[in-house]
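1. sharing a sequence plus its predicted fold:
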Amino acid sequence: MSDQRSSKATKVFLIDDHPLVRESLTSLINQQPDLVTCGEAEDTPSAMRAIVREQPDVAIIDISLKEGSGMELIRLIKARAPRVAMIVLSMHDEKIYAERAIRAGARGYVMKRESTKRIITAIRQVLQGRLALSEQMSARFAEKFVSGRQTVGESPVEDLSDRELEVFNLLGRGLETRQVAETLNVSIKTVQAYCARIKQKRKLSTATELLREAIRWNELQAGT
């Protein structure tokens with residue numbers, strides 16, 4: 001790759017905790033004449049350090065990371081490197097996470113089960129100043145904007161805050177309270193407070209019920 005091409009191409013930074021995903025995306029992006037990867041990371045701390053250093057044009061971010069949270073990373077990048085256009089590439093259901101990601105500062109949301117070419121289209125869409133969303137999510141956004149109400153089929157976790165949903169998701173993946181705290185870089189007491197609010201909102205009485213509900217919900221998401 002020539003220095004001339006590298007200086008003119010749109011720089012893309014990858015954040016995903018799966019090396020094979022990063023390798024596949026790197027190969028796909030570097031095949032494009034107008035795009036080039038400028039770095040990669042698997043967790044929030046290393047991603048922020050590299051993004052501040054490399055100043056990419058676009059960041060591709062997964063929601064589940066080795067350390068930290070993709071949603072929190074989006075908010076950090078928006079605050080510290082606001083010119084970086086962010087696209088979420090995730091296995092998590094867009095009906096649950098897309099609006100949250102856009103509110104946090106992302107410009108697009110792509111499901112990993114979509115065609116690999118979709119991420120290239122999404123990159124070009126956000127570079128043009130557009131939102132990169134599936135037709136289904138664009139329609140849901142439009143309906144919500146026009147009606148001012150949630151669309152039919154509202155998620156049962158819709159009333160959870162972003163942080164509460166992150167805790168709920170991590171519990172459903174089998175993490176203990178201490179591990180959740182370490183992953184989100186907060187205190188155990190803070191996680192316990194989130195759990196209490198989740199139980200209240202979901203009308204659950206005990207920690208066992210919360211854990212059972214979280215695991216069941218996580219299994220349903222994995223099956224979608």
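-> That came through, no problem.
2. what residues does residue 64 make contact with?
-> Residues in contact with residue 64 (Cβ atoms under 8 Å, 6 or more residues apart in numbering) are 17, 70, 90, 91, 92, 169. Every C-beta, even on glycine, is put in place using the N, C-alpha and C of the backbone.
3. touching, residue 204 and residue 213? I think so.
-> Yes: here residue 204 reaches residue 213: they are 6.1 Å apart, a contact under Cβ atoms under 8 Å.
4. which one's more surrounded, these two?
-> Using other Cβ atoms under 10 Å, the more surrounded residue of residue 204 and residue 213 is residue 213, with 20 against 17.
5. where does the more buried one land in three-state SS?
-> Secondary structure, DSSP: H, G, I helix; E, B strand; the rest coil: residue 213 is helix.
6. which stretch of helix or strand covers residue 174?
-> Take DSSP states H and E as the rule and residue 174 turns out to sit in neither a helix nor a strand.
7. still on that earlier bit, if you rank the contacts of residue 64 by neighbours, which is first?
-> Using other Cβ under 10 Å as the neighbour criterion, residue 70 leads the contacts of residue 64 with 26 neighbours.
8. quick one: it and residue 36, what's the gap?
-> 23 Å (Cβ to Cβ, to the nearest Å).
9. hang on, the earlier thing: so which of the contacts of residue 64 sits lowest on pLDDT?
-> Scanning the contacts of residue 64 for pLDDT, the low point is residue 92. It has 85.
10. would you confirm that that residue contacts residue 217?
-> No: using Cβ under 8 Å, residue 92 makes no contact with residue 217, being 11.7 Å away.
11. overlap in contacts, the two.
-> Shared contacts of residue 92 and residue 217 (Cβ under 8 Å, 6+ apart): none.
12. contacts for the strand or helix carrying residue 103, please.
-> In this structure, residue 103 sits in helix 94-104 according to DSSP H and E. Here helix 94-104 makes contact (Cβ under 8 Å, 6+ apart) with 63, 71, 74-75, 78, 88, 90, 109, 111, 131, 133-134, 136-137, 140-141, 153, 155, 157-158, 162, 165, 221.
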